[in-house]
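Student: sharing a model that was predicted from the sequence below.
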Amino acid sequence: MHAQSTGVQVLFSWRPEGPPQVHEVDLDLSVAVWPTGWNRALERPMVSEVQTAALDGPTPRVISVPIRPPQIRCRSFLFPWPAEESGGSPWEKEAIRPVGPSGGDGLEGTAANSPPRSSPGGQTLGGGAGGAAVSGGDSLLPPIRIRPPEELVKLEDRLRYVLQPSLERLLADRRMVFPFPPLRYQLEGAAFLYPRHAAILADEMGLGKTMQAITAIRLLLRSGEIRRVLLVCPKPLVSNWLREFALWAPEIPAAVIEGEPERRAWQWRQEAAPVKIANYELLLRDESVWRGGGSDGGGLRFDLVVLDEAQRIKNRSGAIHQAVCALARDRSWALTGTPVENSVEDLVGIFEFLAPGYLRPEMKPRGMGRAIRDYVLRRTQEQVLPQLPPKWVRDAEVELTPEQRRSYQQAEQQGVLHLRALGQQVTIRHVFELILRLKQICNFDPASGASAKLEWLEADLEEASASGRKVIVFSQWVSTLEQLAQALERFGPLQYHGRIPPHLREQTVRRFREDPRCNVLLISYGAGGVGLNLQVANYVFLFDRWWNPAVEDQAIHRAYRLGSVGPVWVTRFLVRDTIEQRIQEILDQKRALFETVLSAAQQKHCWGLTHEELFGLFQLQVQSPGLKSRSAA
């Protein structure tokens, strides 16, 4: 085959290969039949054999459980409600004002300076609105609720506080009359104490812990939750507590345990007064009475025990601590502005009374702070009283006079040589004696009576006296106060210390408050550091420094508190290049450290000096290893 297209020749050729080849394969299979007999066997029927076995087990039972609809239990709470839903109280718009320039008085002792504001039928807290009116009526503050403590785990107990009316309504329903309108933070403090079986009210000095505790006690007594209350306080404060109960809770009888042993034994057993007041030393002396003075021959039991100035029980090995912890009680409250003075051991000691075993000394500070958060309420004046007048604190650094310098150097050199000569026999008492001798020389030269501090103080008193201002001077020693009284005779100073009989002390305070001719009051830290209300003073002088800043703060707050008549100037004397400056440097470091490590508890604490640090003031080594960590001040 040939083809031609477009001039290109293409040649194709194909030739068949021939027919296919066929092959034949034989697929036949040969089958051989072998006789096996299976076919016949399969044709025969199967023979089966049946055997029976007895069941030895118990006969099963069928239980029918009817499923009924669940029963819902209803728990009702009956709360008092004000009878008058309209009209309100005479104080409705001023009782619970937020703290401001026009805030009222509400602290212990304010009645001495402020006349009671009366209204027809007395003054009761709360009103129909149940809220808290802001001064001027611009807005409303939320009502104060009694919140359940975290230790309550039963739903019923927690609901009781959640559903309870506000504190204002409870107070209004019980017709609780107050001489002055309480401030809001004070009612919050009472609401904090009310539901708790263990609590520390650690407000700063001057915020009215006394009034808050009395208000909470009134609520508990009126509601029938408690019937027997024991209040333990330092001896100088017994009369103050009795006066405050008469002021803030006149309907509650309060009895003071005092007098001869037979009379005290009778007083312990009396049931007429729901509140008994005793001092720490008397409680220790009468331990055999209250341990076995019950009607059934057993010990007395109290529904509530309140400790004022609770830092008195910080030493767990002390007799007072052990006696207080032995009191049979259901509720335990502690009032103190300084829950920690020297170390965390102080807080552990107080909690052994509140909740034994809850805190351990080996706990880390921040963990301890978190653990006590629900048990401790702490407020400072800056937080709740912004309307307080200003307070200025200055450190007056003075130089010793030549006479004082010679006496100081001689006493220091001889004292250190004596301590070194004692060698292994030196004790903390020997170190204390030298420190006290040097501190006294910083006040007055023992030979000539010269005093650099006195010269500065006299100049300031001249200015204060000319302006008619009142002045308080604190000192550690009665002998120093007596020397100051002689040197400042032209100012007519009054004295308040341990050598003044108790019945004359109240007269002294009254004269200082009311007599315009008495402008200077000389007070010892021990006698006047707590329990006094001296808001009429504008100047406070710390003539010598205490071992612990907490004690100094308490002294300053005698004048700087709610009710202060004006600004308060605080002067802290400090002599350069002496033992006073060395001690102050250590205390400043400890204060800063404590505020850092215990920030979890949000409290201000102060530390004292350990034995090791006291020995270190004179470059001495502690001979007994057990004394290194103990606090000496």
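Tutor: Sure, I can see it. Residues are numbered from 1 along each chain as shown.

Student: show me what contacts residue 239?
Tutor: Residue 239 makes contact with 502, 506 under the criterion C-beta atoms under 8 Å, 6 or more residues apart in numbering. The C-beta positions use only the backbone N, C-alpha and C, and glycine is treated the same way.

Student: so it is in which element?
Tutor: helix 238-248 (DSSP states H and E).

Student: ok, which stretches of the stretch 251-400 of the chain are helices?
Tutor: Secondary structure of the stretch 251-400 of the chain (DSSP state H, counting those that start in this stretch): helices at 261-269, 280-285, 287-291, 319-325, 344-354, 365-371, 381-384.

Student: can you say which of those helices is packed in most?
Tutor: helix 344-354 (a mean of 23; mean count of other C-beta atoms under 10 Å).

Student: packing partners of that one?
Tutor: Judged by 3 or more C-beta pairs under 8 Å, 6 or more residues apart in numbering; DSSP states H and E, the packing partners of helix 344-354 are strand 198-201, helix 319-325, strand 328-335, helix 365-371.

Student: any regions of the stretch 251-400 of the chain where pLDDT drops low?
Tutor: The stretch 251-400 of the chain contains residues with pLDDT under 70 at 293-298, 342.

Student: for the protein, name the helix or strand with the lowest mean pLDDT.
Tutor: Lowest by mean pLDDT, DSSP states H and E among the helices and strands of the chain is strand 132-133, with a mean of 32.

Student: next, format the helices and strands packed on helix 344-354 as CSV and append distance to residue 433.
Tutor: CSV is the format used below for these (distance: least, C-beta to C-beta, whole Å):
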stretch, distance to residue 433
strand 198-201, 36
helix 319-325, 25
strand 328-335, 34
helix 365-371, 33
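
Student: quick one: closest of the ones you listed to residue 468.
Tutor: strand 328-335 (35.4 Å; C-beta to C-beta).

Student: could you check the pLDDT of residue 114?
Tutor: Per-residue pLDDT puts residue 114 at 37.

Student: ok, now residue 58?
Tutor: Predicted confidence (pLDDT) at residue 58: the value is 76.

Student: wait, which of the helices of the stretch 251-400 of the chain is closest to residue 64?
Tutor: Among the helices of the stretch 251-400 of the chain, helix 365-371 sits nearest to residue 64 (C-beta to C-beta), with 52.9 Å.

Student: with just CA atoms, put the closest one into PDB.
Tutor: Provided in PDB are the C-alpha atoms of helix 365-371 (Å, rounded to 0.1, in the frame of the first residue of the first chain):
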ATOM      1  CA  PRO A 365       5.400  34.600 109.000                       C
ATOM      2  CA  ARG A 366       3.400  35.100 105.800                       C
ATOM      3  CA  GLY A 367       1.600  31.800 106.300                       C
ATOM      4  CA  MET A 368       0.800  32.800 109.800                       C
ATOM      5  CA  GLY A 369      -0.600  36.100 108.600                       C
ATOM      6  CA  ARG A 370      -2.900  34.300 106.100                       C
ATOM      7  CA  ALA A 371      -4.000  31.800 108.800                       C
END
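
Student: list the helices and strands that helix packs on?
Tutor: helix 344-354.

Student: if you set the cut-off to 10 Å instead, what comes out?
Tutor: Counting contacts by 3 or more C-beta pairs under 10 Å, 6 or more residues apart in numbering; DSSP states H and E, helix 365-371 packs against helix 344-354, helix 579-597.

Student: isn't residue 186 right up against residue 206?
Tutor: No - counting by C-beta atoms under 10 Å, residue 206 is not a contact partner of residue 186; they are 12.0 Å apart.

Student: hey, which helix is longest across the chain?
Tutor: If you go by DSSP state H, the chain has its longest helix at helix 402-422.

Student: right, and the helix or strand after it?
Tutor: Sequence-wise, the next helix or strand downstream of helix 402-422 (DSSP H and E) is helix 428-443.

Student: what comes up buried for that following helix?
Tutor: 430-431, 434-435, 437-443 (16 or more other C-beta atoms under 10 Å).

Student: which of the residues you listed sit farthest apart?
Tutor: Going by C-beta to C-beta, the pair spanning the buried residues of helix 428-443 furthest: 430 and 443, at 21.4 Å.

Student: quick one on the thing from earlier: format the buried residues of helix 428-443 as CSV; extra columns: pLDDT and distance to residue 306.
Tutor: Below are the buried residues of helix 428-443 laid out as CSV (pLDDT from 0 to 100; distance: C-beta to C-beta, whole Å):
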residue, pLDDT, distance to residue 306
430, 81, 40
431, 82, 37
434, 86, 41
435, 85, 36
437, 90, 40
438, 89, 41
439, 89, 36
440, 90, 38
441, 92, 43
442, 91, 40
443, 90, 38
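
Student: could I get those residues in TSV, plus columns for distance to residue 329?
Tutor: TSV is the format used below for the buried residues of helix 428-443 (distance: C-beta to C-beta, whole Å):
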residue	distance to residue 329
430	42
431	40
434	44
435	40
437	45
438	45
439	41
440	44
441	48
442	46
443	45
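
Student: tell me the one of these nearest residue 400?
Tutor: For the buried residues of helix 428-443, the nearest to residue 400 is residue 442 (7.1 Å; C-beta to C-beta).
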